[in-house]
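J.: Below: sequence and its predicted model.
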Amino acid sequence: MSEHLLSVVIFLPLVGLVLLLVGGRSLGDTTARGVALAATLATLWASILMLLEFDRAAHGYQLVEELWWVRAVGLKYLVGVDGISLWLVLLTTFLFPVSILASWPIRENVRMYMGAMLVLETAVLGSFLALDLLLFFLFFEAILVPMYLLIGGWGGENRIYAAVKFFLFTMAGSAFLLVASLFLYAKANGALGEGTFDLRALQEVAATLPVATGRWLFLAFFVAFAVKVPLFPLHTWLPDAHTEAPTAGSVLLAGVLLKVGTYGLIRFNLALFPEASTYFRTFVMVLAVIGIVYGAACALIQSDVKRLVAYSSVSHLGFVVLGLFALTTQGVTGGVLQMVNHGLATGALFLVVGMVYERTHTRRLDEMGGLATTMPWLLGAFLFAVLASVGLPGLNGFVGEFLVIAGTFAVSHLAGSISVIAVVLAAVYLLWSYQRLAYGPVRVEHSMLPDLTGREVAVLAPVLAMLLVLGVYPSLVTRDVDPATQRVIARVAPVQRTVDIGVGTSYRLVAQGSADEEGEG
């Protein structure tokens, strides 16, 4: 089974889809939910087997599966896993059964809803595991359709507007990715005598390109992934999508879909274009810092608690990008760890917000208050997720943020200082939102609201448990991530370039197979 384990992980959700299609209209809603939950739990088990098969002592991609798909154009079915994609796959397979269970209250077109969820899981997993650039593009684009259906079909009042905006933004970004991929294919055809989309071969082809060409290609890839992250100023679709999406849609959007963008920056931008990565590092870090502060500032003024959490995602994903483009081992490892941490913590926040909305039928902070009196366990879970999001030591957000800030300070004291200020702002707006939900006088219509049900405990407990586990034992993730990030840094490090970020601070990357920094100012 290990020979095709990655394929099993990718396509096992589609087995559930086939069962839903075969069952047809005669399939009851409860059965459809059960089929989807079983398929996602089976996928989670397969991903755990993948973790057990993963050899930490080995280098490069593992469990590689390679099969010619269209030999005439050099297209392969090529998948593999390394320490970076390993934990993003595990995050995905963990959050999908949680999201299916959270979707139990869905009553309209349940079979179609569950089918869209299963297609979405396969598309996300394929994006994290594809090593063929065109195969990655196909999975990357396949994400759009089920997510569009989830927002547009089961979202809020302005769901059509939010769904169309999401689709147009991400599809426009994907056009840049497709053009750049075809350009690399053509260059490979000239350099190797045959066209290929194999990422491993394209790394060597990209190394032979003129500097200016590499920089333009970097920008094309960057736009595609910056929209997906989303990075300022390409973020405007995200608050609308989060606000209008159903609860599970928001969990998956924040938890895994946005990570496809940050993953693409590591896997393609940094790996294929090391010179351009160092050339544009200052530019990207400035955008990341702006996004961190802007997202925090916008969150501070929100009256809709779901929109507040959405803007917090803009800020936290800015942290991830800042760490990646610090191009230090601490920064990149911290960025990958924060990808996992953000998916869990923000996913928990959206789950709780959805549960509160199901009871109160409002998301406005000024229409709530005193809910800790009537729903102490639910608001306790919300506080736990808030403390994880603000980086309380002992919970999962602390170590990732610390590594990102430490890695950034090694390059820029200014960027590091601003990012620390944003951490304080995150504590302000998240704790403020909790205060307005939990304390104060209880509104009459909220005085008899029920607390957590058994199903909701089953939804929240594993997520909250992981917030604690990764808080006290972050090396569970970092021991697998470190070797992979060091290989990324080693590829960028030989490109010696002095960069100036901040007043009076200048650093040079040196070619020692790692991201050592030497202060020169």
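T.: Good, I have the coordinates. Numbering: from 1, shown residues only.
J.: burial of Leu135, as a residue count?
T.: Around Leu135 sit 22 other residues, with neighbours defined as other CB atoms under 10 Å. (Glycine included, C-beta is placed from N, CA and C.)
J.: before we move on, what about Arg479?
T.: 11.
J.: now the one 4 residues further on
T.: When counting by other CB under 10 Å, one arrives at 16 neighbours for Pro483.
J.: Point me to the helix or strand that includes it.
T.: Take DSSP states H and E as the rule and Pro483 turns out to sit in helix 475-492.
J.: what does Ala206 give?
T.: Assigned by DSSP H and E, Ala206 belongs to helix 199-207.
J.: Could you tell me which ranges of the stretch 351-500 of the chain sit under the pLDDT cut-off?
T.: Confidence mapping of the stretch 351-500 of the chain against pLDDT under 70 gives the ranges 493-500.
J.: Could you report the separation of Ala226 from Leu219?
T.: For Ala226, the distance to Leu219 under the criterion CB to CB, to the nearest Å works out to 10 Å.
J.: Looking only at neighbour counts, state which of the two leads.
T.: The neighbour count for Ala226 versus Leu219, taken as other CB under 10 Å, is higher for Ala226 (27 against 18).
J.: picking that back up, what comes up buried for the helix holding Pro483?
T.: By neighbour count on 16 or more other CB atoms under 10 Å, the buried set for helix 475-492 is 477-478, 480-492.
J.: Enumerate every residue touching Val469.
T.: If a contact means CB atoms under 8 Å, 6 or more residues apart in numbering, then Val469 has 396, 476 as its contacts.
J.: Need the three-state assignment for Gly440.
T.: Local secondary structure at Gly440 is given as coil here, using DSSP: H, G, I helix; E, B strand; the rest coil.
J.: ok, it - how many residues close by?
T.: Counted with other CB under 10 Å, the burial measure for Gly440 works out to 14 neighbours.
J.: would you say Trp68 is within a strand?
T.: Yes - for Trp68, which was evaluated using three-state DSSP, the result is membership in a strand.
J.: Who's the closest spatial neighbour of it, skipping the chain neighbours?
T.: Across the structure, with CB to CB, 6 or more residues apart in numbering as the measure, the residue nearest Trp68 apart from its sequence neighbours is Lys76 (5.8 Å).
J.: what's the answer for Pro246, then?
T.: In space, Pro246 comes closest to Trp154 once its chain neighbours are excluded; the distance is 4.6 Å by CB to CB, 6+ apart.
J.: so what's that neighbour up against?
T.: Contacts of Trp154 (CB under 8 Å, 6+ apart): 106, 108-109, 113, 246, 249.
J.: mind listing what Phe197 touches?
T.: Taking CB under 8 Å, 6+ apart, we find Phe197 in contact with 74-76, 132-135, 181, 184-185.
J.: Now, those residues that are in strands?
T.: Filtering the contacts of Phe197 for membership in strands, criterion DSSP state E, returns 75-76.
J.: For the contacts of Phe197, which single residue is the most surrounded?
T.: Of all these, Leu133 has the most neighbours under the rule other CB under 10 Å, reaching 27 neighbours.
J.: wait, it sits on Ala180?
T.: No - distance between Leu133 and Ala180: 9.1 Å, which falls outside the contact criterion (CB atoms under 8 Å).
J.: where do the helices sit along the stretch 201-350 of the chain?
T.: Applying DSSP state H, counting those that start in this stretch to the stretch 201-350 of the chain gives helices spanning 211-228, 237-244, 247-252, 258-264, 271-272, 274-279, 281-300, 305-326, 329-360.
J.: Dump those to JSON lines, plus distance to Leu101.
T.: Below are those laid out as JSON lines (distance: least, CB to CB, whole Å):
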{"stretch": "helix 211-228", "distance to Leu101": "26"}
{"stretch": "helix 237-244", "distance to Leu101": "20"}
{"stretch": "helix 247-252", "distance to Leu101": "9"}
{"stretch": "helix 258-264", "distance to Leu101": "21"}
{"stretch": "helix 271-272", "distance to Leu101": "36"}
{"stretch": "helix 274-279", "distance to Leu101": "40"}
{"stretch": "helix 281-300", "distance to Leu101": "28"}
{"stretch": "helix 305-326", "distance to Leu101": "20"}
{"stretch": "helix 329-360", "distance to Leu101": "10"}
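J.: which one of these lies closest to Asn158?
T.: Ranking the helices of the stretch 201-350 of the chain by distance to Asn158, with CB to CB as the measure, places helix 237-244 first at 5.4 Å.
J.: and the closest one, what does it pack onto?
T.: Counting by 3 or more CB pairs under 8 Å, 6 or more residues apart in numbering; DSSP states H and E, the packing neighbours recorded for helix 237-244 are helix 159-192, helix 305-326.
J.: ok, back up a step: would you mind pulling the contact partners of the helix holding Pro483?
T.: 54, 56, 59-60, 82-84, 86-87, 203, 266, 270-271, 274, 277-278, 327-329, 332-333, 336-337, 340, 469-470, 509, 513-515.
J.: from those, which would you call buried?
T.: The neighbour-count test (16+ other CB under 10 Å) applied to those identifies 82-84, 86-87, 266, 270-271, 274, 277-278, 327-329, 332-333, 336-337, 340, 470, 509, 515 as buried.
J.: Show me where the stretch 51-200 of the chain dips below the pLDDT cut-off.
T.: Per-residue confidence of the stretch 51-200 of the chain (counting by pLDDT under 70) places the weak regions at 190-193.
J.: which residue lies farthest from the center of the chain?
T.: Within the chain, Val444 marks the point farthest from the mean C-alpha position, 39.5 Å out by CA atoms, centre = their mean.
J.: Contacts only, for Ser303.
T.: Contacts of Ser303 by CB under 8 Å, 6+ apart are 364-366.
J.: which one of those has the most neighbours?
T.: When the contacts of Ser303 are compared by neighbour count (other CB under 10 Å), Leu365 ends up highest, at 17 neighbours.
J.: Thr362: which element?
T.: Since the elements are taken from DSSP H and E, Thr362 ends up inside neither a helix nor a strand.
J.: That one touches Met368, doesn't it?
T.: Yes - under the contact definition of CB under 8 Å, Thr362 touches Met368, with a separation of 6.7 Å.
J.: So those two - more neighbours on which side?
T.: Neighbour totals were compared for Thr362 and Met368, and Met368 leads with 21 against 16 (other CB under 10 Å).
J.: how close does the more buried one sit to Ala388?
T.: From Met368 over to Ala388 (counting by CB to CB), the distance is 22 Å.
J.: My guess is Pro13 contacts Ala39. True?
T.: Yes - applying CB under 8 Å, one finds Pro13 in contact with Ala39, separated by 5.2 Å.
J.: list residues touching both of the two?
T.: By the contact definition CB under 8 Å, 6+ apart, Pro13 and Ala39 are jointly contacted by Leu118.
J.: tell me the domain ranges of the chain?
T.: Structurally, the chain divides into domains by automatic domain parsing as follows: 1-275, 280-491.
J.: from the helices and strands packed on helix 237-244, which stretch is densest packed?
T.: Each of the helices and strands packed on helix 237-244 was scored by mean neighbour count; the highest is helix 305-326, a mean of 28, by mean count of other CB atoms under 10 Å.
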